[in-house]
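Peer 1: Curious how this folds, go ahead:
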Amino acid sequence: MTLQLHFRILTEASGDWWSNLPLPNTPKTHTDFYTVYSNEDYLIQLLTEGGHLTSEHVAEIRGKLGDDGLVQHFLDHGDITETSIAEVSASNVGTHVIDLSSGFIDPAFKDFIPLADCRRFNAVPFRDENGYLDVALADVLDFEAQDAIPHIVNRECQFYAAP
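Peer 2: Got it, this is the predicted structure:
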């Protein structure tokens with residue numbers, strides 16, 4: 001389950017104003033709704049260094065498509081997975097991958113980060129523990145999100161990569 005699908009379930013389960021705000025169409029697959037990554041070139045470099053892509057394949061596809069939407073192309077064609085993106089991104093920033101499909105997220109966490117900011121940063125708060133708010137990010141390489149969210153919630157946060 002992608003972070004976006006889990007986010008939709010979380011907002012619909014809350015039964016209050018969150019669930020009444022318009023959300024994008026319900027995605028049927030990862031190709032119906034996707035994350036725009038903050039630094040696709042760097043992410044592709046990490047995926048190549050990690051053995052998930054080859055330089056030759058990247059060059060071939062880049063020659064056909066240009067630089068826009070390469071990550072989504074590789075996802076759509078099964079060259080990489082959202083999990084592999086989360087793993088290489090988490091490794092790069094020194095954090096962990098969290099699989100949100102494996103557990104329940106209390107809808108009370110919606111009160112920690114405003115919905116608009118959750119959407120803006122593709123972020124889902126999922127645990128409040130040891131003085132930290134744990135937040136799953138679809139793009140853990142988005143340093144703007146990592147800088148902004150602690151100021152929004154006025155507390156320290158621990159970020160996790162979420163497929």
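
Peer 1: And the most centrally placed residue in the chain, its phi and psi?
Peer 2: By Cα atoms, centre = their mean, the chain has its centre lying nearest to residue 138, at 0.5 Å. Main-chain dihedrals, residue 138, degrees, to the nearest 10: phi -70, psi -30.

Peer 1: Residue 133 too?
Peer 2: phi -90, psi 120.

Peer 1: So in terms of bridging, what pairs with it?
Peer 2: residue 128, residue 157 (DSSP bridges).

Peer 1: What separation do you get for residue 149 and residue 51?
Peer 2: Distance of residue 149 to residue 51, given as Cβ to Cβ, to the nearest Å: 31 Å. C-beta: built from backbone N, CA, C; applies to glycine.

Peer 1: These two: who's more crowded?
Peer 2: Neighbour count, other Cβ atoms under 10 Å: between residue 149 and residue 51, residue 149 has more, with 24 against 9.

Peer 1: wait, the more buried one sits on residue 112?
Peer 2: No - under the criterion of Cβ atoms under 8 Å, residue 149 makes no contact with residue 112, lying 9.4 Å away.

Peer 1: Angles on the backbone of the nearest residue to the residue nearest to the centre of the chain once chain neighbours are set aside, please.
Peer 2: Nearest residue to residue 138, sequence neighbours excluded (Cβ to Cβ, 6 or more residues apart in numbering): residue 122, at 3.7 Å. Main-chain torsions, residue 122, degrees, to the nearest 10: phi 50, psi 60.

Peer 1: Kindly report the same for residue 159.
Peer 2: phi -100, psi 140.

Peer 1: Residue 131 versus the residue nearest to the centre of the chain, what's the distance?
Peer 2: Residue 138 is 25 Å from residue 131, where distance means Cβ to Cβ.

Peer 1: where does the nearest residue to residue 87 once chain neighbours are set aside sit relative to residue 46, distance-wise?
Peer 2: Nearest non-adjacent residue to residue 87, counting by Cβ to Cβ, 6+ apart: residue 97, 5.7 Å away. Plainly put, residue 97 is 14 Å away from residue 46 if you go by Cβ to Cβ.

Peer 1: how much space is there between residue 161 and residue 146?
Peer 2: Counting by Cβ to Cβ, the gap from residue 161 to residue 146 is 11 Å.
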